[in-house]
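Chemist: Quick one: sequence and predicted model below, then my questions.
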Amino acid sequence: MDLEAGHIVPYRTFIFVWITLMVLTLTTVLVSRMDLGPLNIWVALGIACFKSGLVIFYFMHMQYERLIFRAYLFVALLILAIFIGLTFFDVLYR
Amino acid sequence: MAEISSASAKSDRGFLTPSGRGLFGWIFSTDHKRIGLLYLYAILTFFMVGVFLGFLIRLELIAPGRTIVNAQTYNALFTLHGVIMIFLFIIPVVPAILGNLVMPIQIGARDVAFPRLNLLSWWIYVIGSMMALASLFGGGGPPDTGWTFYVPFSTEATTTNVTMAASAVFVLGFSSILTGVNFITTIHRLRAPGVTWFRLTLFTWALYATAWIQILAGPILAITVALIVVERVFGTGMFDPLKGGDPLMYQHLFWIYSHPAVYIMILPGMGIISDIIPTFSRKPIFGYWAIAVSSLAIAFAGSLVWSHHMFTSGMSDMAVFVFSLLTFLVAIPSAVKVFNWVATMYKGSISLDPPMLYALAFIVQFLIGGLTGLVIGSAGTDIHVHDTYFIVGHFHYVMFGGAAFAFFGGLHFWLPKFFGRMYNKKIATWAWGIMVVGFNMLYFPMLILGLQGMPRRYFDYLSRYQPLNVLSTVGSWILVTGLILMFVNLFRGLLRGPEAGNSPWDARTLEWTISSPPPHENFEEIPVVDTYPYDYS
């Protein structure tokens, strides 16, 4: 029942996550000006994944949910990663 | 258990009893059974439109050259036939109709987990289908891209109402996703005491696997068609090489959804078959766990094979190799199911009632569809038959001969439960026979025509292909005759037929233990289950 009552998160956490997100956005912009070869895509996707992770876990409170929800989210994200990954059998070998 | 309250059921019309609110009592009802019937009426209406369009396509192809329509109209005909049959009929048909009607009762629940969301899904379906219909009129005329909306034709070349049609598909996708969310939550949270995962019916298992695909793949379709709209309206260049885009990316995105969608169509059908066969063989299902797990395996493996639609698109040879290999993996869980159904029937006491006949036709036709799938899943042979009538024959064997026949079997199996009345079994058997003959006469010649090299999606063909095309068109007339006979008999029986009783097939799952038609909220008291669903020993 206390799960439904909601979890109070201190402002400090939110502000810290927000600042991290801004820094990561800045990093994405800066990195896009450098040519890292095949690493371009990995860096961009890596930062994007980390940022969406922060939003889901803190802003959307997944951090405070039960294991089954986190497991399901993980499965969904894993499948999405597989979808994206498999397309690279085409893109990387053209 | 089956005898409970059969005496009191005689005059009680259960959830069908008029609520006193007339039409509003239906279109704003949150009862899962009423919503199931709303879907039934809406989806069957569109099915009839789709059949009519298919009928016109076959009529045009009875002779080479222009027969009844010109090339542009023909392009619109096959596009609309595809859009309606895929997005308005075969994707929602089993989960939305039979899933809504049957699944909550099978797990011993009073309703789905989110009844209002369920009603919203129906409304979204109706709005989406109205938008699809609206794309027929005004503006540049009905879309002519094929149901796949391939770029660059859909984004740059065509002036038809593609934006409206793509928006309709976007909206329809949400109906499917929300139904998936609802079913997964329902199956997790609302199982009655004693209904363990081991005691779920295989129909529920199939819906569960389907719901996962709906949730995971549905959003990708929504994004893909939204990108088409964005391309057409703003010209962002996502798929335009001149602006740094990639036209093949569209095909990837489209098939990442649309291949798993094939399993959204067939998996629930397989679930119906898994419930019908033990009932009419009077034997416990053979390999319960293998069938349940193979549903999940099909859902998973089926999500990884989309690029086998693209072997001739110019993607890398590496991708052709990988996706061809992965495609063959799906054959394993599919074959597991077929072998288990056959093993269930072995030495069973088989009665050939209409639902069982549909199940048997399903097995044979799905087998032909599946085996021709191996021909085109193999990259080498696919090069030769790609975009020929072999493909058209193949997917109609899976979709119509498989999924739709399973649905018809499900209607004959479960609708007497929900209307409390029985159709005429003799006429139903005749209708089945006519449909099987018509169906195979319609689609088997297509497999041969394809091997002879007749390309799909043209309103014209070389005269040497004519004899088999005539045979195929005559088959379509027989099939339509069977369909009309089936629906007339079914609905006449459901409205005016003799009382069906609570368990006309003497089946053992939970839905047959309550009165017919089931009461509002299904169970007066939530049942406690201590038996296995297919306990026919």
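Modeler: Okay, I see it. In this text, all values refer to a predicted model and were calculated from it rather than measured experimentally.

Chemist: Okay, and the residue nearest to residue B:437 when sequence neighbours are not counted sits in which element?
Modeler: With sequence-adjacent residues excluded and distances taken as C-beta to C-beta, 6 or more residues apart in numbering or on different chains, residue B:437 is closest to residue B:478, at 5.9 Å. Glycine gets a C-beta too; all of them are placed from N, C-alpha and C. Residue B:478 belongs to helix B:466-496 when assigned by DSSP states H and E.

Chemist: can you pull the buried residues of that helix?
Modeler: B:468-469, B:471-476, B:478-480, B:482-483, B:485-487, B:489-491, B:493-494 (16 or more other C-beta atoms under 10 Å in any protein chain shown).

Chemist: In chain A, what residue spans correspond to helices?
Modeler: A:2-5, A:11-31, A:39-54, A:67-91 (DSSP state H).

Chemist: which ones are touching residue B:272?
Modeler: Residue B:272 is in contact with B:94, B:98, B:203, B:206, B:359, B:406-407, B:409-410, B:413, counting by C-beta atoms under 8 Å, 6 or more residues apart in numbering or on different chains.

Chemist: Mind putting the residues you listed into TSV with distance to chain A, neighbour count and secondary structure?
Modeler: Below are the contacts of residue B:272 laid out as TSV (distance: C-beta to the nearest C-beta, whole Å; neighbours: other C-beta atoms under 10 Å in any protein chain shown; DSSP: H, G, I helix; E, B strand; the rest coil):
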residue	distance to chain A	neighbour count	secondary structure
B:94	23	30	helix
B:98	25	28	helix
B:203	23	29	helix
B:206	19	34	helix
B:359	31	28	helix
B:406	26	31	helix
B:407	27	25	helix
B:409	31	26	helix
B:410	29	28	helix
B:413	32	26	helix
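
Chemist: Check the gap between residue B:157 and residue B:163 for me.
Modeler: To residue B:163, residue B:157 is 14 Å away according to C-beta to C-beta, to the nearest Å.

Chemist: Touching, residue B:222 and residue B:176? I think so.
Modeler: No. With contact defined as C-beta atoms under 8 Å, residue B:222 does not count as touching residue B:176 (9.6 Å).

Chemist: neighbour count winner among these two?
Modeler: residue B:176 (28 against 18; other C-beta atoms under 10 Å in any protein chain shown).

Chemist: which other helices and strands contact the strand or helix carrying that one?
Modeler: Residue B:176 belongs to helix B:162-189 when elements are defined using DSSP H and E. For helix B:162-189, the packing partners by 3 or more C-beta pairs under 8 Å, 6 or more residues apart in numbering or on different chains; DSSP states H and E come out as helix B:71-83, helix B:100-106, helix B:115-134, helix B:202-234.

Chemist: burial count for residue B:207?
Modeler: Neighbours around residue B:207, by other C-beta under 10 Å: 31.

Chemist: To clarify, my last question referred to residue A:68.
Modeler: 9.

Chemist: List the residues that contact residue B:202.
Modeler: Taking C-beta under 8 Å, 6+ apart, one finds B:271, B:274-275, B:285, B:288, B:291-292, B:295, B:533 in contact with residue B:202.

Chemist: Take those and keep only those in helices.
Modeler: Counting by DSSP H, the contacts of residue B:202 contribute B:271, B:274-275, B:288, B:291-292, B:295 to helices.

Chemist: tell me the contacts of residue B:340?
Modeler: B:285-287, B:290-291.

Chemist: can we see that at 6 Å?
Modeler: B:286-287, B:290-291 (C-beta atoms under 6 Å, 6 or more residues apart in numbering or on different chains).

Chemist: Neighbour-wise, give me the winner out of those residues.
Modeler: Neighbour counts for the contacts of residue B:340 peak at residue B:291, which has 24 neighbours (criterion: other C-beta under 10 Å).

Chemist: Look up how far residue B:95 lies from that residue.
Modeler: Separation of residue B:291 from residue B:95 (C-beta to C-beta): 18 Å.

Chemist: Low-confidence stretches in chain B?
Modeler: Scanning chain B for pLDDT under 70 picks out the ranges B:1-11.

Chemist: Near chain A, which residues of it are found?
Modeler: B:216, B:252, B:256, B:315-316, B:318-319, B:322 (C-beta under 6 Å from any C-beta of the partner chain).

Chemist: let's go with 8 Å and repeat that
Modeler: B:215-216, B:220, B:248-249, B:252, B:256, B:303-304, B:307, B:315-319, B:322-323 (C-beta under 8 Å from any C-beta of the partner chain).

Chemist: Next one: the residue nearest to residue B:437 relative to chain A, how far apart?
Modeler: For residue B:478, the distance to chain A equals 42 Å [C-beta to the nearest C-beta, to the nearest Å].

Chemist: that older thread, now the residues of chain B next to chain A: which count as buried?
Modeler: B:215-216, B:220, B:248-249, B:252, B:256, B:303-304, B:307, B:315-316, B:319, B:322-323.

Chemist: I'd like the list of the residues you listed that fall within strands, please.
Modeler: Using DSSP state E, no member of those sits in strands.

Chemist: Looking at these, which two lie furthest apart in space?
Modeler: The most widely separated members of those, counting by C-beta to C-beta, are B:215 and B:316 (30.1 Å).

Chemist: still on that earlier bit, format the helices and strands packed on helix B:162-189 as CSV; extra columns: distance to residue B:143.
Modeler: Below are these laid out as CSV (distance: least, C-beta to C-beta, whole Å):
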stretch, distance to residue B:143
helix B:71-83, 5
helix B:100-106, 30
helix B:115-134, 10
helix B:202-234, 11
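
Chemist: which one of the ones you listed is the most hemmed in?
Modeler: Sort the helices and strands packed on helix B:162-189 by mean neighbour count, taking mean count of other C-beta atoms under 10 Å in any protein chain shown, and helix B:100-106 sits at the top with a mean of 28.

Chemist: Pull the residues that contact that helix.
Modeler: In contact with helix B:100-106 (C-beta under 8 Å, 6+ apart) are residues B:32-33, B:35-37, B:39, B:110-112, B:118, B:183, B:186-187, B:190, B:200-201, B:203-204, B:207, B:414, B:418, B:509-511, B:514, B:518, B:522, B:533.

Chemist: can you check stretch B:189-201 too?
Modeler: B:104, B:106-110, B:112-113, B:187, B:208, B:271, B:274-275, B:288, B:292, B:509-510, B:523, B:526-533.

Chemist: Any of those residues buried? List them.
Modeler: Buried among these (16+ other C-beta under 10 Å): B:104, B:106-110, B:112-113, B:187, B:208, B:271, B:274-275, B:288, B:292, B:509-510, B:523, B:527, B:529, B:533.

Chemist: What residues sit buried inside the helix or strand residue B:371 falls within?
Modeler: Residue B:371 belongs to helix B:354-377 when assigned by DSSP H and E. By neighbour count on 16+ other C-beta under 10 Å, the buried set for helix B:354-377 is B:354-363, B:365-370, B:372-373, B:375-377.

Chemist: got it, and stretch B:444-459?
Modeler: B:444-451, B:454, B:456, B:459.

Chemist: Check stretch B:149-163 too.
Modeler: So, applying 16+ other C-beta under 10 Å, buried residues of stretch B:149-163: B:149-151, B:154-155, B:158, B:160-163.

Chemist: which among these gets closest to residue B:235?
Modeler: Among these, and counting by C-beta to C-beta, the member closest to residue B:235 is residue B:155, at 8.3 Å.

Chemist: Do me a favour and get the backbone dihedrals for the closest one.
Modeler: Dihedral pair for residue B:155: phi -100, psi -30, per degrees, to the nearest 10.

Chemist: Tell me how far it lies from chain A.
Modeler: 20 Å.

Chemist: what is the orientation angle of the helix holding residue B:176 with helix B:202-234?
Modeler: On the basis of axes from the mean of the first three to the mean of the last three C-alpha atoms, to 10 degrees, helix B:162-189 is oriented at 150 degrees to helix B:202-234.

Chemist: In contact with residue B:323, which residues?
Modeler: Applying C-beta under 8 Å, 6+ apart, we find residue B:323 in contact with A:86, A:89, B:305-308, B:310-311.

Chemist: pretty sure residue B:97 contacts residue B:43?
Modeler: Yes. Shown here, residue B:97 and residue B:43 form a contact pair, counting by C-beta under 8 Å, at 6.3 Å.
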